[in-house]
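Undergrad: Quick one, what's the 3D model for this:
(one chain, ligands or ions: 2)
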Amino acid sequence: MTYRAGVVGAAGFAGIELVRILTRHPEFELAAATSDALAGTPIAQVYPAFTGVTDLAFSTHEGTDLGACDVVFLAVPHKAAMGMAPALIAVGVTVIDLSADFRLKDPAVYEQWYAPHTAPDLLAQAAFGLPELTGDELAAAAERRAAGEAVLVGCAGCYPTATSLAAAPAICAGLVDGAAPVVADAVSGVTGAGKKATERTHFCFANENVEAYGVGTHRHTPEIEQILGLQGRLVFTPHLAPLNRGLLSTVTLPLAPGAAPATEELVALYRDFYAESPLVSVMDAGVQPRTASVAGTCRAQVGVAVHPAGLIVATGAIDNLGKGAAGQGVQCANIVFGLPETCGLEEIANPV
Ligand SMILES: NC(=O)C1=CN([C@@H]2O[C@H](COP(=O)(O)OP(=O)(O)OC[C@H]3O[C@@H](n4cnc5c(N)ncnc54)[C@H](OP(=O)(O)O)[C@@H]3O)[C@@H](O)[C@H]2O)C=CC1
Ligand SMILES: CC(=O)N[C@@H](CCC(=O)OP(=O)(O)O)C(=O)O
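TA: Ligands and ions are numbered 1, 2, ... in the order given. Here you go, the predicted model:
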């Protein structure tokens, strides 16, 4: 059976990556791609990579019969997504939201970092979309969907995905000091900031430059703390780098008193942790994850090492639009629809 899929916000960077994946997906058929700004324009006219691939044109958000879809991916900014999801769920459409609107479990925390939540009941039902770490929530959503319910997945953000994949195995194994700060320094490509150029992302400012931003104030802090159980202990510093795609997060974790693993033991522990996770690869000891090695894919690379100062240094590399957004959304949809989680996501990166 082929499922009908719609993408709302399809002309944006995450949305068009969804289009790229869905036009080649064997089980989801791209039925609608919405953009108010570009309605009526063929996708291939705006993004020539789709020439000869799809004749579909963008349509308006309101004028598209999204109720005819089995699943709708929301690739719109936070605050807009929570205004759209309730009507879709009400007509039986499963929703995969890429925004931050359905990630934070506590509406008070969402309000502190974003705005008052307008759909708290749905927030309470949403499954968190980071399959390697929240597989149980997604499996429960898949059961509910199989029983005929429309379900909602709030996919993890890009920085939280790379950071949490790098840190979770060590934390879950009890190797990390539960009282000390954990430091995550992360670097993102410019597509992470969306399609609209700003002073920060304009080519002339972003090119040939790396700089930190949101120091101590970035909205992904509570999301990472929620995933890793680090409430109040995360020092998260994002940086913008002159890449189109790619995100690397280096996490420094203090070892728990008495813990003294060797790097090779940590690598083995990480490999065991991700043994059932086909999209996460743990690097050999001494080999570092590379953003270029996952660009254009839904894969993640994780590296881990012990530092003699009593620290674990764990690094995660993803494509912010792939495993950090659209790819992860499709991976979650695969799980919710009972498909193999890698369906349509087998791409590997250009090796050079
Ligand atoms: N870029 C990334 O790496 C990641 C993005 N995300 C999330 O994915 C979502 C999309 O991000 P991204 O593609 O980067 O953003 P873009 O700005 O590139 O695209 C967003 C799209 O949403 C539409 N849109 C804008 N405002 C509204 C609104 N008020 N109501 C409805 N539609 C609107 C626009 O459509 P129109 O064509 O009609 O103007 C636009 O094309 C965001 O929530 C973002 O946080 C998540 C992880 C990583
Ligand atoms: C480089 C850049 O600006 N990145 C964005 C995060 C990417 C994103 O879209 O955020 P979500 O993962 O929450 O959806 C930022 O710092 O706000």
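Undergrad: Next, Phe337: phi, psi?
TA: Taking degrees, to the nearest 10, you get phi -100, psi 10 for the backbone angles of Phe337.
Undergrad: next one: Tyr3
TA: The phi and psi values for Tyr3, taken as degrees, to the nearest 10, are phi -100, psi 140.
Undergrad: List the beta-bridge partners for it.
TA: Applying DSSP bridges to Tyr3 yields these beta-bridge partners: Phe28.
Undergrad: That one contacts Phe337, correct?
TA: Yes. Counting by Cβ atoms under 8 Å, Tyr3 does reach Phe337; the two are 6.0 Å apart. (C-beta placed from N, C-alpha, C; glycine too.)
Undergrad: Please enumerate the shared neighbours of the two.
TA: When contacts are counted by Cβ atoms under 8 Å, 6 or more residues apart in numbering, Tyr3 and Phe337 are jointly contacted by 27-28, 70-71.
Undergrad: neighbour-wise, which of Tyr3 and Phe337 wins?
TA: Higher neighbour count among Tyr3 and Phe337: Phe337, with 19 against 16, using other Cβ atoms under 10 Å.
Undergrad: Against ligand 1, how distant is the closest residue to Pro42 other than its chain neighbours?
TA: Leaving aside its chain neighbours, Pro42 sits nearest to Ala57 (4.6 Å; criterion: Cβ to Cβ, 6 or more residues apart in numbering). Taking Cβ to the nearest ligand atom, to the nearest Å as the measure, Ala57 falls 13 Å from ligand 1.
Undergrad: For Ala57, give me its contacts.
TA: For Ala57, the contacting residues are 33, 39-43, by Cβ under 8 Å, 6+ apart.
Undergrad: looking at these, which has the most residues close by?
TA: Of the contacts of Ala57, with other Cβ under 10 Å as the count, Ala33 tops at 29 neighbours.
Undergrad: just to revisit the earlier point, can you list phi and psi of the residue nearest to Pro42 for me?
TA: Dihedral angles for Ala57 - degrees, to the nearest 10 - are phi -110, psi 160.
Undergrad: Can you check the pLDDT for it?
TA: Here the pLDDT value assigned to Ala57 is 98.
Undergrad: Just the closest residue of this protein to ligand 1, please.
TA: The nearest approach of the chain to ligand 1 comes at Gly12, 1.9 Å away (Cβ to the nearest ligand atom).
Undergrad: How much space separates that residue from Ala186?
TA: 21 Å (Cβ to Cβ, to the nearest Å).
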